[in-house]
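*Asks:* here is my input, please return the structure:
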Amino acid sequence: MRPAVSRRRFLMAAGLAAILAGGLTGGCSEEPAVATRTDLPAVYAVVETEPVRGGGDAADDPAIWIHPADASLSLVLGTDKRRGLSVYDLSGREVQFLPRGRVNNVDLRQGVAMAGGPATLAVATNRTERAMDIFTVSADGQVELALAQALEIGDPYGICMHLDAAGVAYAYVNGSDGEYEIWRLNEGGELRPERIDRFSLPTKPEGCVVDDSTGIAYIGEEEHGIWKMPAGAGGSGEKTLLDSVDSDRLAADVEGLDIYRTADGGAILVASSQGDYTFAFYDLNDGDRYLGSVRVADDPASGIDGAEETDGLAVTAVNLGPGFEQGVLVVQDGFNRQPEEKQNFKLVPFGSVAAALKLDATPASE
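*Replies:* Numbering: from 1, shown residues only. Model prediction:
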């Protein structure tokens, strides 16, 4: 028996009923068409970013940059998959925009070994140019395009980074057909992208994250589940299914993935369960044990709406200052309401997630 099948049928039926009741209208500003998971604890965003420039399904994936001197000045990079890359401060204000076209997913690493000292690189899939955009981020948070690396995959889609102990950065880039390219980005202190491996999954993946401390990559195959494999192993690495959409924990599509790593070595995988508008948590230090799920709900007190149909997410355990002492969970919102606006990103204090799920969330010092 497959319990998730009946669950998906329920969600699809609820969605169809909502469509029939409200009429066939397009765009992600319409009311969500999935029944609220009231059986799960609710957490609330305390900040939302300014809406993206693109209309319809435009906002997608965030990444968090930590300011090296004052963590309260940290930034969120967020993709607008119709217009380019936005940069937001922790109040949600857009402080920079790079008009790069159809930028889909983004990730970054700090501490990359470069000739001038440790540096920050960010990478993003660019579907307009069929390329991997590589950006530098300065010590004061200015983002600048370094180069657009041409790709062979037909439709660049998801991307994530890995930083090894020597400060060498790698990018996992996938196409919508399931093909992956692995790129080494720097060598000998220079930015020198080189493709070093390829592999593929049977169906469309998007979200991925690499645990730099263990060298394990976690990959979301949208209609299947979450895979884990050794980073850099490519097609030769053994893939293990961490969790499936046939469980009652994930509802297709599996989307954004990231790792909340605490100062005492704790590692919690966070996954966007797009099909039921929830977020699942797994303890990577305890056999990938499922810790529970939450939903980001409307907050009538602040007027900030919740997050539905989330694509990408990012999380950090770094103390970012008042309100974010245990870090922050940043999630894309597919239905930006109160008031009706283009899509955006929501910032949820991780302390509220930890309280809801009774997690140990010791802030990281970085």
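
*Asks:* can you pull the contacts of the residue nearest to Gly303 when sequence neighbours are not counted?
*Replies:* Here the nearest residue to Gly303 in space, its sequence neighbours aside, is Gln338; by Cβ to Cβ, 6 or more residues apart in numbering that works out to 5.7 Å. Every residue, glycine included, has its C-beta placed from N, CA and C. By Cβ atoms under 8 Å, 6 or more residues apart in numbering, the contact set of Gln338 is 298, 303-305.

*Asks:* what does Arg37 give?
*Replies:* 276-278, 293, 295.

*Asks:* closest to Tyr44 out of those?
*Replies:* Arg295 (10.1 Å; Cβ to Cβ).

*Asks:* I'd guessed the closest one sits against Ala280; true?
*Replies:* No - assessed by Cβ atoms under 8 Å, Arg295 is found out of contact with Ala280, at 10.9 Å.

*Asks:* out of the contacts of Gln338, which end up buried?
*Replies:* Buried residues within the contacts of Gln338, counting neighbours by 16 or more other Cβ atoms under 10 Å: 298, 304-305.

*Asks:* pick out whichever of Arg295 and Ala280 has more residues nearby.
*Replies:* Counted by other Cβ atoms under 10 Å, Arg295 and Ala280 do not tie: Ala280 has more neighbours, with 24 against 21.

*Asks:* state the distance from Pro41 to Ile304.
*Replies:* Pro41 is 17 Å from Ile304, where distance means Cβ to Cβ, to the nearest Å.

*Asks:* ok, Arg289 next?
*Replies:* Distance from Arg289 to Ile304, by Cβ to Cβ: 31 Å.

*Asks:* please, where are all the helices along the protein?
*Replies:* 3-22, 350-357 (DSSP state H).

*Asks:* give me the contacts around the last one.
*Replies:* Applying Cβ under 8 Å, 6+ apart, the contact partners of helix 350-357 are 41-44, 260, 281, 291-292, 294, 315-317, 324-329, 359-361.

*Asks:* go again using 7 Å as the cut-off
*Replies:* The contact list for helix 350-357 (Cβ atoms under 7 Å, 6 or more residues apart in numbering) reads 41, 43-44, 260, 281, 291-292, 294, 315, 317, 325-329, 361.

*Asks:* name only those of those residues that count as buried.
*Replies:* Buried among the contacts of helix 350-357 by 16+ other Cβ under 10 Å: 41, 43-44, 260, 281, 291-292, 294, 315, 317, 326-329, 361.

*Asks:* just the residues you listed now: which is nearest Tyr88?
*Replies:* Using Cβ to Cβ, the buried ones among the contacts of helix 350-357 come closest to Tyr88 at Val328, 11.8 Å.

*Asks:* and the spatially most central residue of the chain, how close does it get to Asp60?
*Replies:* Central residue check for the chain by Cα atoms, centre = their mean: the C-alpha nearest the mean position is that of Leu313, 2.9 Å away. As judged by Cβ to Cβ, Leu313 and Asp60 stand 10 Å apart.

*Asks:* and for Ser293?
*Replies:* 21 Å.

*Asks:* higher neighbour count, the two?
*Replies:* Asp60 (28 against 21).

*Asks:* pLDDT below threshold where in this structure?
*Replies:* Regions of the chain meeting the criterion pLDDT under 70 cover residues 1-33, 233-236, 365-366.

*Asks:* let's see 90
*Replies:* 1-38, 154, 200-204, 231-239, 263, 301, 338-339, 360-366 (pLDDT under 90).

*Asks:* okay, stretch 187-202 in CSV with CA atoms only?
*Replies:* Taking C-alpha atoms only, stretch 187-202 is exported to CSV below (Å, rounded to 0.1, in the frame of the first residue of the first chain):
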residue,chain,number,x,y,z
GLU,A,187,42.5,26.2,-9.3
GLY,A,188,45.9,27.7,-8.1
GLY,A,189,44.2,30.7,-6.7
GLU,A,190,42.5,31.6,-10.0
LEU,A,191,38.9,31.4,-11.2
ARG,A,192,39.3,28.7,-13.8
PRO,A,193,36.1,26.7,-14.3
GLU,A,194,36.5,23.2,-15.6
ARG,A,195,33.9,20.5,-16.0
ILE,A,196,35.1,17.4,-14.3
ASP,A,197,32.2,14.9,-14.3
ARG,A,198,28.6,14.2,-15.5
PHE,A,199,25.8,12.0,-14.3
SER,A,200,22.0,11.9,-14.6
LEU,A,201,18.8,11.1,-12.7
PRO,A,202,15.8,9.5,-14.4
